Each structure stands twice: as structure tokens, then as C-alpha cells.
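Participant: after the sequence you'll find the predicted model.
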Amino acid sequence: MLYFLFISQACNLRCSYCGGTPEDRIMPLRISYDIDSLKKFLSRDANPTLIFYGGEPLIFMRDLMRIMDEIPARYLLQTNGLLLRKLPSQYLHQFDGILVSIDGRNDVTDWYRGKGVNQRILENVRYIRDKENYRGDLIARLTVSEKSNIFEEVKFLVSVELFDHYHWQIDALWDYPRDLRWNNFDYWLEEVYNPGITRLVKWWISWMLKTGESLGIVPFLVLTRILLTGKPVGLQCGAGEVAFSIATDGTLLPCPVSAGYEWARLGNIQDQEPSALVGKIGLEEPCVNCDVRWICGGRCLVANKTQYWGKEGFFKVCESIRHLIAEIENHLDELCHLISRGILTEKALDYPATEMGLEVIP
């Protein structure tokens with residue numbers, strides 16, 4: 001199974017949609033359990049994958065390296081990228097994939113994360129690619145909010161030629177009231193985001209036709225495979241099914257963003273078996289009987305449980321998913337043409353998004 005392992009809650013940024021280092025009332029600032037207890041817990045999983053998570057996990061790099069030294073597992077890293085070049089080579093090359101939080105164009109990332117941040121991230125990613133010869137999967141992981149134009153942000157990140165895959169998450173349904181951090185979500189969705197998705201799908205197809213190469217826009221790849229095979233999917237992030245989280249005090253959770261919710265506490269690494277976690281928690285309405293659930297999978301367990309924006313706001317976000325699905329459906333003939341030409345390959349379409357710690361549905 002996949003485990004999001006909180007190394008720390010501390011962060012070296014104060015992003016507008018997050019706020020930086022939180023108080024330690026949700027979990028301790030850094031790991032407070034004995035590493036031997038983590039080792040014992042994971043030894044009962046035949047094929048564990050650990051994705052280091054935070055905060056910013058590279059702040060406490062020694063803890064991260066000690067875990068990698070002592071626990072046999074497949075490793076991933078989710079990072080804001082600012083400390084990447086400080087990671088020693090022998091550890092860097094153990095990561096199957098690195099998810100880098102970067103939101104697109106320079107002014108957009110800097111608006112959310114701080115002046116000069118985007119350039120620093122790109123310099124560090126370029127360093128591990130060119131100087132360290134890192135050849136694992138580099139994933140640009142965007143947070144998409146009111147300043148973002150999804151078409152322009154993804155197009156820019158493709159143009160820097162550093163990343164293998166691109167994925168984004170819409171900054172919605174995380175808090176209350178709905179206008180706490182949004183001036184006009186409905187306008188942005190209808191006039192900016194959905195039209196941007198339409199443009200991006202067309203551009204994605206034309207880019208592949210022009211270059212003769214596949215382009216790793218994760219939601220497009222995975223949805224294409226689902227629509228072509230007609231095979232229903234579960235919650236595509238795997239939360240509560242094949243993916244779990246381990247807080248800094250050893251508390252087990254179905255999802256890293258579920259920390260702090262009583263319903264999400266599944267026990268502790270000291271008293272639980274990995275296999276006993278599966279199926280303890282699942283989706284509720286309105287997702288359970290939704291007509292596109294077989295394609296979507298449910299989008300987000302935490303959003304489903306909390307529904308901070310009420311039913312109206314929840315369904316408004318669902319509009320974005322339906323639009324995304326419809327755009328892929330509208331271009332299936334062209335995508336089949338790319339497949340027949342060997343440009344869009346089976347390997348690309350079978351991208352293991354869940355195993356890489358991605359949610360698939362933005």
C-alpha cells in the first residue's frame with residue numbers, strides 16, 4: 001500500500017491557500033514516535049510505498065534519510081522544491097518519483113507562494129536533472145486557484161522541459177465560508193477554468209500530433225483509458241482503500257488532508273495492522289449514486305465528508321469534473337488516431353497515478 005508519511009508540519013513557505021507552519025494542535029510539529037515502531041508496522045506490508053509529506057519534508061532531512069536507511073520500501077517525495085539540491089545524491093536517486101509543488105507561470109506561483117519562488121524551484125529541478133542526472137518521474141503538481149489560468153499554467157510548465165507529468169488540484173471545498181479566499185468562484189469556474197480545460201485538451205492533442213510524442217497530462221491520460229475501456233474505477237486517490245497517511249504521532253488516517261477530523265482516525269501504527277485499515281471508511285452521498293462516479297471515482301474523500309460549501313457548492317465543483325470528462329469524450333476519435341499511430345502509447349495511458357500519490361480528478 002501507499003503511505004503518506006508526515007515528516008513534519010513545518011514549512012519554509014506561507015502560501016496564500018495554506019498559510020505555512022500550522023499550530024501543533026493537530027499533530028506534533030515533527031515525528032514523535034520511535035522509528036522502530038514505524039519499521040515494525042511497515043514490515044507487515046509486503047510492498048509498502050512511502051511518500052514523504054509535510055509541511056516541507058526536506059526541512060528535517062536527517063529524519064527522512066534515517067527512515068530510508070532503516071526501512072526497505074519504495075520511496076516518493078512531495079516537496080516545494082526549495083531544498084532539493086541539498087538532498088544527497090544517494091538518497092535522491094532512491095526516489096521513484098518526486099512531486100514538485102509549482103503552480104505554473106512565474107507571476108502565478110509567486111503570487112501564491114512568494115516573490116522569486118518559481119524561479120528557485122525551476123533552478124533546483126534543473127539542477128537535479130542536469131547536474132545530478134535524476135531520471136525518476138518528475139511531476140509538476142499545481143494548485144489551481146483564482147489567479148490561475150489552467151491552459152497557460154500547464155503550457156508554461158511543458159515549455160520548460162523539466163517535468164515528465166503534470167497534475168493539478170482545484171483549491172475548492174477546503175474551508176468555509178465559500179468566499180473566504182475567493183472573490184467569485186462561479187465566474188472563475190465558468191469563464192476561466194472550464195474554457196481553459198477545453199483549450200488545454202485541444203492543445204494537448206495538437207502537441208502530440210506535432211511532436212509525435214506522448215505528453216503526460218495525468219488527468220487526460222487516465223480519463224482517456226477509463227473511457228476507452230469502460231471499466232469502472234474507485235476513488236482514484238486510493239484514500240482508505242490502498243492509500244493511507246501516517247501523522248507525526250503515528251496516527252493513521254485515510255488521507256493527508258484529513259488530519260484533525262475525528263472520523264478520520266483509523267488507529268495508530270502501534271496498534272493496527274496495515275490490512276485492517278482497508279475499507280474502514282468510504283464515500284457517502286452525493287457521490288455514491290452519481291451517474292459519472294464510474295469515471296470520476298468520487299474526486300475527494302475529505303470534500304465528500306465535510307461539504308463545507310454545502311450541496312450547491314459541492315455540485316458546482318462537480319461541474320468542473322463533468323466538463324473535463326465531456327472534453328475527453330468529445331475527442332476520443334482523435335485520441336484513438338494517436339493510439340493507432342503509436343504516439344499515445346498503452347504505457348502512457350496506464351500511468352499508475354494512484355501509486356504515484358496523485359488524485360487524478362482535480
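Facilitator: Noted; the coordinates are in hand. Predicted model only: the values in this text are computed from it and were never measured. Numbers count the residues shown, from 1 in each chain.
Participant: quick one: residue 141 from residue 168, how far?
Facilitator: According to CB to CB, to the nearest Å, residue 141 and residue 168 sit 7 Å apart. Where you see a C-beta, it was placed from the backbone N, CA and C, and this is true even at glycine.
Participant: which residues in this structure form strands?
Facilitator: 2-6, 49-53, 74-79, 95-101, 137-144, 165-170, 216-217, 243-246, 252-253 (DSSP state E).
Participant: mind putting those strands in CSV, mean pLDDT included?
Facilitator: Below are these laid out as CSV (pLDDT from 0 to 100):
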stretch, mean pLDDT
strand 2-6, 98
strand 49-53, 98
strand 74-79, 98
strand 95-101, 98
strand 137-144, 98
strand 165-170, 98
strand 216-217, 98
strand 243-246, 98
strand 252-253, 98
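Participant: dump these to JSON lines, plus mean neighbour count and distance to residue 346.
Facilitator: Converted to JSON lines, the strands of the chain look like this (neighbours: other CB atoms under 10 Å; distance: least, CB to CB, whole Å):
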{"stretch": "strand 2-6", "mean neighbour count": "26", "distance to residue 346": "23"}
{"stretch": "strand 49-53", "mean neighbour count": "24", "distance to residue 346": "23"}
{"stretch": "strand 74-79", "mean neighbour count": "22", "distance to residue 346": "22"}
{"stretch": "strand 95-101", "mean neighbour count": "22", "distance to residue 346": "20"}
{"stretch": "strand 137-144", "mean neighbour count": "23", "distance to residue 346": "17"}
{"stretch": "strand 165-170", "mean neighbour count": "22", "distance to residue 346": "16"}
{"stretch": "strand 216-217", "mean neighbour count": "21", "distance to residue 346": "14"}
{"stretch": "strand 243-246", "mean neighbour count": "24", "distance to residue 346": "24"}
{"stretch": "strand 252-253", "mean neighbour count": "24", "distance to residue 346": "34"}
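Participant: residue 195 is nearest to which of the ones you listed?
Facilitator: strand 137-144 (13.6 Å; CB to CB).
Participant: got the strands of the chain as a markdown table, with distance to residue 193 columns?
Facilitator: Shown next, in a markdown table, are these (distance: least, CB to CB, whole Å):
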| stretch | distance to residue 193 |
| --- | --- |
| strand 2-6 | 27 |
| strand 49-53 | 26 |
| strand 74-79 | 24 |
| strand 95-101 | 19 |
| strand 137-144 | 7 |
| strand 165-170 | 7 |
| strand 216-217 | 15 |
| strand 243-246 | 26 |
| strand 252-253 | 29 |
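Participant: which among the ones you listed is found nearest to residue 297?
Facilitator: That would be, of the strands of the chain and by CB to CB, strand 243-246, which comes in at 12.4 Å.
Participant: just how off-centre is the closest one within its chain?
Facilitator: 13 Å (CA atoms, centre = their mean, to the nearest Å).
Participant: what's the burial count for the closest residue to residue 149 other than its chain neighbours?
Facilitator: Of all residues not flanking residue 149 in the chain, residue 196 sits nearest, at 5.5 Å (CB to CB, 6 or more residues apart in numbering). The number of residues packed near residue 196 is 20, by other CB atoms under 10 Å.
Participant: could you say what helices and strands the longest helix along the chain packs with?
Facilitator: Using DSSP state H, we find that the single longest helix of the chain is helix 310-330. Secondary-structure packing of helix 310-330 (3 or more CB pairs under 8 Å, 6 or more residues apart in numbering; DSSP states H and E): helix 185-187, helix 194-211, helix 218-229, helix 293-296.
Participant: change it to 10 Å
Facilitator: strand 165-170, helix 185-187, helix 194-211, helix 218-229, helix 293-296, helix 301-306 (3 or more CB pairs under 10 Å, 6 or more residues apart in numbering; DSSP states H and E).
Participant: can you name the residues that contact residue 53?
Facilitator: By CB atoms under 10 Å, 6 or more residues apart in numbering, the contact list for residue 53 reads 3-9, 76-79, 99, 245-247, 256, 357.
Participant: go on, residue 272?
Facilitator: 41, 44, 244, 250, 251, 252, 266, 280 are the contacts of residue 272 under CB under 10 Å, 6+ apart.
Participant: distance of it relative to residue 5?
Facilitator: 15 Å.
Participant: about what we covered before: return the set of buried residues in the longest helix of the chain.
Facilitator: 313-314, 316-318, 320-325, 327-328 (16 or more other CB atoms under 10 Å).
Participant: reformat those residues as CSV; add distance to residue 123 and pLDDT.
Facilitator: Converted to CSV, the buried residues of helix 310-330 look like this (distance: CB to CB, whole Å; pLDDT from 0 to 100):
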residue, distance to residue 123, pLDDT
313, 38, 96
314, 39, 97
316, 38, 97
317, 34, 97
318, 38, 97
320, 33, 98
321, 35, 98
322, 39, 98
323, 35, 98
324, 32, 98
325, 37, 98
327, 34, 98
328, 34, 98
